[in-house]
Each structure stands twice: as structure tokens, then as C-alpha cells.
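Undergrad: sequence-free structure coming up:
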């Protein structure tokens, strides 16, 4: 692990998911963590999230899932503290994974209220044009990433609207 792995959110700082768990919420996180990962207590599932699917570093290649620095690169796709090695998931455009995993987690039945922190990677470096594109933009890559992010949020809203949670969201 690179030096960035040692930087972390101080343990004496309570996180929102820790507080919400104490209040009876089910907590999930999808996307970018970037708050430390040197020990299991520093990753999302060690800081109050019952569910995490995403990456730990500041940036990750959208297609190869490689993160880290130029000197220290590594595959950075994680699920509840374990590296994801599934070939299909590794080959999927990262924002599509975030959308699928967030929607799936929200759709799971639960007697508890849910809190989802959706730290979308879209519109963040490195810039990788999504598979679906729109036309009419001067900055095509950026415009496509914004459109993709908007579509992902629309999918999450549709997932919520299709569930009993929508009336209490």
C-alpha cells in the first residue's frame, strides 16, 4: 500500500453511519471512500457502514479498476472489505457497477430505515468517456459523464419509487 493508505479519518470522530446505526438504520455505501484503508477499522465497514461496494483510493480507472499512484498501482474494487475479482464486475464500466449495486441494496427488503451514501465517481478524474454518449456538447467527455451521472440518479429514484420506501424518503 502507498503512503496515502495511512491517511485516515481519526477514530475519535464519529461518522454519520455510526450514529445512524445506533438509531436503528441499515447503512450502505457505494462508490469512493478515500478516508483511509490501512486497517479493517478504517474502511467503510469499520466506520459504520454495514454494506460497502466501491473503492478506497482517491481515483480509480473506470474500466481497469486500477487505483493508487504512478509508483504504486493496484486493483481497487472492494466489497465489504474484500477485493472483488469477479471477471464480469472487473470488466464493467465502474459507474454502471455503482448504479447496479446501489439500486440492488436499496431494493433489498429491510424492517429498518435505510441510509445510502452514494459517492459517485462520475465527473471525477480520471476522465473516462462512458459507453453511452450524448451529442451537442463542447466538452464531450465531461458532458457525457454528467449525463451518465444524471441517468444513474434517475435509476436510483426509480428504484425508490418502485418500493414502499418512496413515501418515507
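TA: Now that the structure is in, tell me what you want to look at. Everything numeric here is computed off the predicted structure, so don't read it as measured data.

Undergrad: quick one: residue 13 from residue 35, how far?
TA: Plainly put, residue 13 is 10 Å away from residue 35 if you go by Cβ to Cβ, to the nearest Å. C-beta here means a position set from N, CA and C on the backbone, and glycine is covered the same way.

Undergrad: Please apply the same query to residue 91.
TA: Residue 91 is 27 Å from residue 35, by Cβ to Cβ.

Undergrad: Please apply the same query to residue 115.
TA: Taking Cβ to Cβ, one finds residue 115 at 17 Å from residue 35.

Undergrad: neighbour-wise, which of the two wins?
TA: residue 115 (19 against 15; other Cβ atoms under 10 Å).

Undergrad: Got phi/psi on the more buried one?
TA: Per-residue torsions, residue 115: phi -120, psi 120 (degrees, to the nearest 10).

Undergrad: who's in contact with it?
TA: Contacts here follow Cβ atoms under 8 Å, 6 or more residues apart in numbering; on that basis residue 115 touches 16-17, 20, 25-28.

Undergrad: Mind picking the two most distant members of those?
TA: The largest separation in the contacts of residue 115, counting by Cβ to Cβ, is between 16 and 26 at 13.5 Å.

Undergrad: need the longest helix for this structure.
TA: Using DSSP state H to define each element, the chain has its longest helix at helix 140-161.

Undergrad: On the strand side of things, show who the residue most central in space within the chain bridges to.
TA: The centroid of the chain falls nearest to residue 31 when counting by Cα atoms, centre = their mean (1.0 Å). Residue 31 forms beta bridges with residue 54, residue 119, as assigned by DSSP bridges.

Undergrad: Identify the residues contacting it.
TA: Contacts of residue 31 by Cβ under 8 Å, 6+ apart are 54-55, 98, 117-121.

Undergrad: List buried residues within those residues.
TA: Buried residues within the contacts of residue 31, counting neighbours by 16 or more other Cβ atoms under 10 Å: 54-55, 98, 117-118, 120-121.

Undergrad: burial measure for residue 166, as a count.
TA: Residue 166 has 12 neighbours, counted by other Cβ under 10 Å.

Undergrad: Oh, that last question was meant for residue 65, not what I typed.
TA: Counted with other Cβ under 10 Å, the neighbours of residue 65 add up to 21.

Undergrad: how about the helices of the protein, start to end?
TA: 16-22, 87-91, 94-107, 140-161.

Undergrad: Include distance to residue 48 when you put the ones you listed into a markdown table, please.
TA: As requested, these are exported to a markdown table (distance: least, Cβ to Cβ, whole Å):
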| stretch | distance to residue 48 |
| --- | --- |
| helix 16-22 | 3 |
| helix 87-91 | 24 |
| helix 94-107 | 15 |
| helix 140-161 | 21 |
